[in-house]
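> what's the 3D shape of this:
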Amino acid sequence: MNRLLLLFCIVLFSTCRVDKSTQRYADLTGEWSFSLDTADLGEREKWFAKALQEKVKLPGSTTTNGKGFDISVHTPWTGGIVDSSYFTDTAYAPYRREGNIKVPFWLQPVKYYKGAAWYQKEIRIPDSAYQMGAELFIERVHWESTVWLDSMKLGTENSLSTPHRFLFKGNLSPGRHLITIRVDNRVKSIDVGPNAHSITDHTQSNWNGMIGEISLEPLKKYRIESLQVFPDLSKKSVTVHARIRNMGEPVNASLLLHAIEKGGNKLNDIQQTLTLSNGANEVKIDYPMGNTIKTWDEFNPILYTLVAGLSVDGKSFGYQTDFGMREVAVREKEITLNGRPIFLRGTLESAIFPLTGYPATDVESWAKIINTCKSYGLNHLRFHSWCPPEAAFRAADSLGMYLQIECASWANQGATIGDGKPLDNYIYRESERIVAQYGNHPSFLLMAYGNEPSGKNHVAYLRKFVETWKAKDERRLYTTAAGWPAIAENNYNNIPEPRIQAWGDGLNSIINKQKPRNDYDWRDRIARFDIPTVSHEIGQWCVYPDFKEIKTYTGVMKAKNFEIFQDRLRASGMDSLAEKFLQASGKLQTLCYKADIEAALRTPGFAGFQLLDLHDFPGQGTALVGVLNAFWKDKGYVDGKTYSQFCNSTVPLARFANFIYTNDQLLKVPVEIAHYGPEEKDNVRVKWQIIDEAQHVYATGSLLLNKLRFGNNQTAGVVSMDLKKVKEARKLILQVTLGQYTNQWDFFVFPKTLPRLSDEVYVTARFDQQAKEVLAKGGKVLYSIEKGMLKQDKGGDVALGFSSIFWNTAWTRGQAPVTLGLLCEPHHPAFQYFPTEFHSNWQWWDAITHANAMRLDRINPTLKPIVRVIDDWFTARPLGLVFEANIGKGKLLVSAIDLLTDRQNRPEARQLLYSLGNYMQSSSFAPKTSLQPDEIVQLTE
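Residues are numbered from 1 along each chain as shown. As a prediction, this is how the structure comes out:
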């Protein structure tokens, strides 16, 4: 019989591990021998019995070690490619050539390898410390690991979410031994989905390797294998479930427990005598926490350490684990923590680590991410179809961040759940491993199987999944999946409906089709549910690429996609505008996120939202949806201080029935408060003022809120102002302040009546004979093209919308809008009477929805428009709404904005027409480009 036998490991808590300073702990990080196994010959040829010749460093991957193959058009990526034009489109031909391979789908690794790779290390056992055996611990492996000790195969592990552990039972004799590990990152029988962020090249990359702690520890005859802590606030106690293993004969023992407040006092000792039988012993102990317990939440993330000491035969074995005194529950449509309602203000973390291609395993890195999220007003992270390493939980515990953990699957687009495939059993095993490994962490608040499932039986399968976990462990809330299905058995629903732009809405969404306002909410969309609703992946608003970012990709992942887009902008002659495109589109993106987040905060009975995303998502065709880049750095157009005005624990809110007014109207705006702060308050004063950009104050006031309770939809009163005092067109700003929290909204006031333009300018909706005659005589013509009249090849086919691009056009197959807002020069004399910044704001909504974007390159490449449209970075077309030109002796201004139709009901159109007309009457109107009349005639059908 073999002296070394594998005992398949019961999943242990890394937070319950023995203090290594007291053990003969062997750190196995550092140099390992290595070989790729491209032909899958390693097992057959017994590579575990021979010395491998190459060298790598661990923690690391094949890519970080420069192993693998150069990228080619035949690279076997893991991840769906919705837009396959890269492989056929002549525009991509330069990037398909060997030596210049650049892919537009995601960040591109310097090397790529998918398959089996072998890692080998010789270890030296110095003495008899390992006579009971050893545990090999690998914190994170991607993906499947098979281990040999010397020439003996010991088994295989395949968790994507938790450490791989192998227990060697028997005498590991002093001297030299060879550990060989085969790691395989291919999708085999267990298909979690090629786009799951646990494995996909869209995000962290489908890396092959081992990261984090890699160690060997001696086994002891007696050991605590796990401690699970279940807080009970009503009883002021915790129930401790301990699993203790005895590898010998039955023996008497004692277990001593005490808790320590982090940075505080030690609580009382509790001791229990035990008789340990051979094998695993389950022990349950109630531990009183005393009368002065401190609860854990986002405002006061108080942690305790539970210390367990096992005494057997005069020897002691110590373990410990951190935990928090907190209870999460559901009360009608609210999620409560420690009896108080909370509102989840979340974003995704999709395993995006561009320098390494794999997730960080140190607390410091995760603390930086979480602190950044908190500085933008967030209190929640959703881990999209993956589970982070231990360090993320530790950082979240210490900083007060709520986590939604998912069991490593996105069973869609090539995979299904609930249909009897191996994935079905895998999800149960993986969820059990996750809960056993990370279940004590107070930050671990929510759990789902994964993302957006498919399969004919997925509803029944996920119903059982939720029911199983609700019955097994009440320390967190459970939902079927991020996205769907919404079922009665869920603790909460995580669904996409409550947001201002849904997949497929295009130009029919609230923000693109309905006049500018923010008095709506989602109460009708969640009315059918009796449980909390957390909205799924709201936002998805794009911004132009920041090409300055390219040089920051100093690790294994390169932004070759950005290089493609930069080339296209350069080819269109607009590379000098790249930074302006970024900043202008960023301001629009921020406006869109503000609209989305505030709608969620206005909704009574709502439980929270999950953004897609606070930072960029570099995959799925390149989804630049973040106000932060892939490194969690801001891009210069909004910072955390500004963003957290509308995304915070307490947010003043205003319900504008319209953001556009005329000066004969009375402004009346209801003000309310969303409050999920640490405490309720009485007699709260809410102050407000209306100012312009020069800080001139038009009106001030205050409102009294008798009780600032927990929750949203708390009416504070109504702001009112007679707009007669606004004589000229103005952007005004309503600022509402409650204590340290201020929020603000831009709105626009235009004169009800305007002076008549002189007859010096001929205004027409047709480039008719009279227009040609006026120009021939040296006159001035303002040509306002009706929407729908612009020829398709002149820009009539451009799907122009007010909002930013949703997700990106490659992944959505060109879903409208395909533009990123406007760029103009606010000090241009054409805007003397029309208030504007350099970017889109609500006063431009009317213009954009009554316009087509002109293809300037198909009119005259030298044209420099007065109002430019920022095109999709994939196409980088020079687009404009307003340009000027000389026609013979005359001067022409062309507006692709219809300024004439129904203008009696369009104050913005009247004002813009008035401003453009006055500009044309001034000496400043001096076009630099000359065109022929036929070039104008050819614009329309």
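> quick one: the strands in the stretch 651-800 of the chain?
Assigned by DSSP state E, counting those that start in this stretch, the strands in the stretch 651-800 of the chain fall at 660-662, 666-675, 681-692, 697-708, 711-722, 730-738, 741-750, 761-764, 780-784.
> between those strands, which gets nearest to L653?
Distance to L653, taken as CB to CB, is lowest for strand 666-675 among the strands of the stretch 651-800 of the chain, at 5.0 Å. Placement of C-beta: from N, CA and C, glycine included.
> circling back to that earlier point, distance to K368 and mean pLDDT for the strands of the stretch 651-800 of the chain - can I get that in TSV?
Converted to TSV, the strands of the stretch 651-800 of the chain look like this (distance: least, CB to CB, whole Å; pLDDT from 0 to 100):
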stretch	distance to K368	mean pLDDT
strand 660-662	42	98
strand 666-675	28	98
strand 681-692	33	97
strand 697-708	33	96
strand 711-722	30	96
strand 730-738	30	98
strand 741-750	25	98
strand 761-764	57	97
strand 780-784	52	98
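> between those, which one is closest to D575.
So among these, strand 780-784 is nearest, using CB to CB, at 30.1 Å.
> partner strands of the closest one, parallel or antiparallel?
Here strand 780-784 is paired, per DSSP bridges, with strand 761-764 (parallel), strand 890-895 (parallel).
> which is the next helix or strand following the longest one?
To tie it back to what came earlier, the one meant is strand 890-895. helix 907-921 (DSSP states H and E).
> which strands and helices lie in contact with the following helix or strand past that next one?
The helix or strand immediately downstream of helix 907-921 is strand 930-931, counting by DSSP H and E. Other helices and strands packing on strand 930-931, by 3 or more CB pairs under 8 Å, 6 or more residues apart in numbering; DSSP states H and E, are strand 879-887.
> does H241 sit in a helix, a strand or a coil?
strand (DSSP: H, G, I helix; E, B strand; the rest coil).
> what average pLDDT does stretch 408-422 get?
For stretch 408-422, mean pLDDT rounds to 96.
> which one of the strands paired with strand 780-784 lies nearest to V736?
The nearest among those, by CB to CB, is strand 890-895 at 36.5 Å.
> just the strands paired with strand 780-784: most buried one?
Mean neighbour counts were taken over the strands paired with strand 780-784 using mean count of other CB atoms under 10 Å, and the top value, a mean of 24, falls to strand 890-895.
> any idea of the angle that strand forms with strand 879-887?
170 degrees (axes from the mean of the first three to the mean of the last three CA atoms, to 10 degrees).
> mean confidence (pLDDT) on strand 890-895, please.
Here the average pLDDT along strand 890-895 is 98.
> TSV for the strands of the stretch 651-800 of the chain, including distance to L255?
Shown next, in TSV, are the strands of the stretch 651-800 of the chain (distance: least, CB to CB, whole Å):
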stretch	distance to L255
strand 660-662	70
strand 666-675	45
strand 681-692	46
strand 697-708	47
strand 711-722	44
strand 730-738	51
strand 741-750	49
strand 761-764	90
strand 780-784	84
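> ok so, going back, of the strands paired with strand 780-784, which is nearest I550?
The minimum distance between I550 and the strands paired with strand 780-784 falls on strand 890-895, with 36.2 Å, by CB to CB.
> CA atoms only for the closest one, dumped as CSV, please.
Output of strand 890-895 as CSV, limited to C-alpha atoms (Å, rounded to 0.1, in the frame of the first residue of the first chain):
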residue,chain,number,x,y,z
GLY,A,890,-22.5,85.2,-51.0
LYS,A,891,-22.3,83.7,-47.6
LEU,A,892,-24.1,80.6,-46.5
LEU,A,893,-24.8,79.0,-43.1
VAL,A,894,-26.1,75.5,-43.3
SER,A,895,-28.0,74.0,-40.3
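> mind checking how far that strand is from the chain centre?
Offset of strand 890-895 from its chain centre (CA atoms, centre = their mean, to the nearest Å): 45 Å.
> can you check stretch 31-49 too?
In terms of CA atoms, centre = their mean, the centre of stretch 31-49 is found 38 Å from the chain centre.
> list the buried residues in it.
Buried residues in stretch 31-49, counted by 16 or more other CB atoms under 10 Å: 32-37, 42, 47-48.
> okay if I get those residues as TSV plus pLDDT?
Output for the buried residues of stretch 31-49, formatted as TSV (pLDDT from 0 to 100):
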residue	pLDDT
W32	98
S33	98
F34	98
S35	98
L36	98
D37	98
G42	97
W47	98
F48	97
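> list just the nearest of those residues to A623.
Nearest to A623 among those, with distances taken as CB to CB, is L36, at 32.0 Å.
> model confidence score at the closest residue to that closest one other than its chain neighbours, please.
Nearest residue to L36 in three dimensions, chain neighbours excluded: A117, at 5.5 Å (CB to CB, 6 or more residues apart in numbering). For A117, the pLDDT comes out at 98.
> okay, buried residues for the helix or strand containing A117 please.
Using DSSP H and E, A117 maps to strand 116-125. Within strand 116-125, the residues scored as buried using 16+ other CB under 10 Å are 116-121, 123, 125.
> can you pull up the bridge partners for the residue lying closest to Y25 once chain neighbours are set aside?
Closest residue to Y25 apart from its sequence neighbours, by CB to CB, 6+ apart: E217 at 5.4 Å. With DSSP bridges as the criterion, E217 is bridged to E135.
> quick one: contacts for the residue nearest to L703 when sequence neighbours are not counted?
Counting by CB to CB, 6+ apart, G717 is the residue found nearest to L703 once chain neighbours are left out, at 3.5 Å. Applying CB atoms under 8 Å, 6 or more residues apart in numbering to G717 gives the contacts 670-671, 686, 703-704.
> and those as a markdown table, adding distance to T146?
Below are those laid out as a markdown table (distance: CB to CB, whole Å):
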| residue | distance to T146 |
| --- | --- |
| P670 | 64 |
| V671 | 63 |
| V686 | 64 |
| L703 | 67 |
| L704 | 69 |
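> restricted to buried residues, select those residues in PyMOL.
Burial among the contacts of G717 is assessed by 16+ other CB under 10 Å; the matching PyMOL selection reads:
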select buried, resi 671+686+703
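> looking at the contacts of G717, which one is closest to W106?
Among the contacts of G717, and counting by CB to CB, the member closest to W106 is V671, at 44.0 Å.
> show me what the closest one is bridged to.
A654, G717.
> any idea which helix or strand comes after the helix or strand hosting I511?
Using DSSP H and E, I511 sits in helix 510-513. Going down the chain from helix 510-513, the next helix or strand is helix 523-526, by DSSP H and E.
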